[in-house]
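K.L.:
sequence unknown, structure follows:
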């Protein structure tokens with residue numbers, strides 16, 4: 001026989017963004033169910049590093065601190081970066097960002113996704129008002145005038161005032177709710193790996209714009225290890241992943257102009273297709289989308305997950321304000337406040353990343369001159385550089 005349980009909010013997806021939302025609602029008067037199909041990978045070998053990392057902004061760091069998870073991440077492993085060098089392979093234009101120019105200790109942190117997930121998921125388990133269903137997968141979703149009903153694969157039925165989809169770019173919740181999505185095919189695949197370089201990374205994030213796409217080397221806690229994100233064509237990504245280590249290291253050195261000397265070692269490689277997605281709307285009565293379920297962008301600026309954490313923070317604030325005002329948390333009127341606050345900013349970032357991709361993955365002579373002139377000019381204008389850095393920090 002199936003079991004039926006009642007919650008104020010059911011969150012489908014216990015990854016980084018879904019767990020962050022749960023923690024932001026912890027110790028409130030709201031009852032929460034967090035549904036996740038896979039338990040976080042833990043423990044892991046001390047000398048291993050996750051293939052997936054995120055560039056965490058100061059805004060996200062402050063959010064983590066308020067949730068009580070920042071110190072736990074630091075105790076595991078975080079990698080602050082103080083500078084960023086960006087340059088164009090098809091010209092002489094370049095720009096250099098330095099946190100010292102704006103009186104900040106750093107420009108952000110590079111953190112392994114497994115570290116973020118473990119800290120948030122563990123913290124969610126500390127709250128008395130959060131029940132975690134893991135491993136558990138959704139089977140059927142029904143929305144009606146009174147709320148949402150989610151049937152799990154094991155037959156358990158969860159009724160709630162609000163159901164939140166935090167289940168990634170291929171969101172099951174979004175599909176079940178018949179919410180459309182605008183797809184931007186960047187025609188890029190990201191090749192990721194951890195590499196050891198001859199010279200130390202100097203706590204600097206490095207990015208070179210190649211005609212085929214951007215190549216980023218992101219500093220890890222070891223001064224000689226970087227996480228690479230190499231965005232390129234789908235076919236080229238397949239070829240790169242099939243190369244032996246020596247051949248791949250040689251190609252990486254050439255693409256990166258040996259800025260950090262020789263590539264001494266490269267670990268296992270993986271590839272991930274890059275798609276831009278934007279849901280036609282984020283909310284319906286008794287339903288909301290956050291994070292990649294609502295939007296995905298090109299990783300060239302490293303802002304995707306930070307937008308997701310901003311979604312989680314905004315939705316939590318919206319729901320807690322409605323609760324304090326004794327307003328229904330699942331009403332369309334309440335949820336529209338969240339959508340209005342987040343959709344415009346997310347759309348702006350999505351369009352900007354598409355424009356940057358088109359501008360820098362193109363060797364047309366006119367565009368080459370324009371972007372190199374723009375990089376050089378921006379590098380000389382301190383107020384504009386400060387504006388970019390301030391935006392990146394938030």
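P.N.:
That came in fine, so what should we check first? The structure presented is a predicted model; accordingly, all values stated were derived computationally and were not measured.

K.L.:
Tell me, how many residues neighbour residue 266?
P.N.:
Close neighbours of residue 266, defined as other C-beta atoms under 10 Å, add up to 18. The C-beta positions use only the backbone N, C-alpha and C, and glycine is treated the same way.

K.L.:
Which strand residues bridge it?
P.N.:
residue 195 (DSSP bridges).

K.L.:
Ok, residue 149 next?
P.N.:
Beta-bridge partners recorded for residue 149 (DSSP bridges): residue 142, residue 159.

K.L.:
so it sits right up against residue 141, yeah?
P.N.:
Yes - between residue 149 and residue 141 a contact is recorded at 7.3 Å, counting by C-beta atoms under 8 Å.

K.L.:
Distance check, residue 237 against residue 275.
P.N.:
In this structure, residue 237 lies at 14 Å from residue 275, with C-beta to C-beta, to the nearest Å as the measure.

K.L.:
more neighbours, the two?
P.N.:
Between residue 237 and residue 275, counted using other C-beta under 10 Å, the more crowded position is residue 237 (24 against 17).

K.L.:
Settle this for me: that one is touching residue 187, isn't it.
P.N.:
No - checked against C-beta under 8 Å, the pair residue 237 and residue 187 is beyond contact range at 10.8 Å.

K.L.:
counting contacts, what elements does the longest helix belonging to the chain pack onto?
P.N.:
Ranked by number of residues, the top helix in the chain under DSSP state H is helix 332-360. In terms of contacts (3 or more C-beta pairs under 8 Å, 6 or more residues apart in numbering; DSSP states H and E), helix 332-360 is packed against strand 181-197, strand 270-279, strand 283-284, strand 287-289, strand 295-296, helix 304-324, helix 365-380.

K.L.:
Could you provide these in CSV, with additional columns for distance to residue 25 and mean pLDDT?
P.N.:
What follows is these, written out as CSV (distance: least, C-beta to C-beta, whole Å; pLDDT from 0 to 100):
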stretch, distance to residue 25, mean pLDDT
strand 181-197, 26, 91
strand 270-279, 22, 92
strand 283-284, 17, 98
strand 287-289, 13, 98
strand 295-296, 21, 94
helix 304-324, 5, 96
helix 365-380, 40, 57
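
K.L.:
For residue 126, which of those is the nearest?
P.N.:
Each of the helices and strands packed on helix 332-360 has some distance to residue 126 by C-beta to C-beta; the shortest is helix 304-324, at 16.4 Å.

K.L.:
What is the closest one packed up against?
P.N.:
Taking 3+ C-beta pairs under 8 Å, 6+ apart as contact, the helices and strands that helix 304-324 lies on are helix 16-24, strand 53-56, helix 58-67, helix 332-360.

K.L.:
so where's this structure shaky on pLDDT?
P.N.:
1-2, 90-92, 300-302, 353-394 (pLDDT under 70).

K.L.:
Quick check, central residue of it?
P.N.:
The central residue of the chain, meaning the one whose C-alpha is nearest the mean C-alpha position (C-alpha atoms, centre = their mean), is residue 305 at 1.9 Å.

K.L.:
ok, for it, nearest residue in space, not its chain neighbours?
P.N.:
Using C-beta to C-beta, 6 or more residues apart in numbering and skipping residues adjacent in sequence, the residue nearest residue 305 is residue 54, 4.6 Å away.

K.L.:
in the sheet, who's paired with that neighbour?
P.N.:
Applying DSSP bridges to residue 54 gives these bridge partners: residue 111.

K.L.:
Can you get me a residue count around it?
P.N.:
26.

K.L.:
Assess the claim that it and residue 115 are in contact.
P.N.:
No - Residue 54 lies out of contact with residue 115 (C-beta under 8 Å); the separation is 9.4 Å.

K.L.:
returning to that earlier point: how far away is the residue nearest to the centre of the chain from residue 57?
P.N.:
In this structure, residue 305 and residue 57 are 9 Å apart, going by C-beta to C-beta.

K.L.:
where do the helices sit along the stretch 1-150 of the chain?
P.N.:
Using DSSP state H, counting those that start in this stretch, the helices assigned to the stretch 1-150 of the chain run over residues 16-24, 58-67, 70-76, 113-124.

K.L.:
residues touching the residue lying closest to residue 157 once chain neighbours are set aside, list them.
P.N.:
Taking C-beta to C-beta, 6+ apart as the measure, residue 157 lies nearest to residue 4, with 4.4 Å between them; neighbours along the chain are not counted. If you count contacts by C-beta atoms under 8 Å, 6 or more residues apart in numbering, residue 4 has them with 156, 157, 158, 159.

K.L.:
Help me confirm that the third one comes into contact with residue 7.
P.N.:
Yes - contact criterion C-beta under 8 Å: residue 158 and residue 7 qualify, at 6.2 Å.

K.L.:
what do the two both touch?
P.N.:
Looking at what touches both residue 158 and residue 7 (by C-beta under 8 Å, 6+ apart), the common residues are residue 33.

K.L.:
can you tell which of the helices of the stretch 1-150 of the chain is closest to residue 217?
P.N.:
It's helix 113-124; of the helices of the stretch 1-150 of the chain, that one is closest to residue 217 (C-beta to C-beta) at 17.5 Å.

K.L.:
Remind me what that closest one packs against, helices and strands.
P.N.:
helix 16-24, strand 53-56, helix 58-67, helix 70-76, strand 130-133.

K.L.:
and residue 313, which of the ones you listed is closest to it?
P.N.:
Put simply, out of the helices and strands packed on helix 113-124 the one that sits nearest residue 313 is helix 58-67, at 5.4 Å, with distance taken as C-beta to C-beta.

K.L.:
Remind me what the closest one packs against, helices and strands.
P.N.:
Using 3+ C-beta pairs under 8 Å, 6+ apart, helix 58-67 is in contact with helix 16-24, helix 70-76, strand 108-112, helix 113-124, helix 304-324.

K.L.:
If we use 7 Å, what do you get?
P.N.:
Applying 3 or more C-beta pairs under 7 Å, 6 or more residues apart in numbering; DSSP states H and E, one finds that helix 58-67 contacts helix 16-24, helix 70-76, helix 304-324.

K.L.:
Using CSV, lay out these together with distance to residue 214.
P.N.:
Supplementary listing: the helices and strands packed on helix 58-67 in CSV, determined by distance: least, C-beta to C-beta, whole Å:
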stretch, distance to residue 214
helix 16-24, 23
helix 70-76, 26
helix 304-324, 14
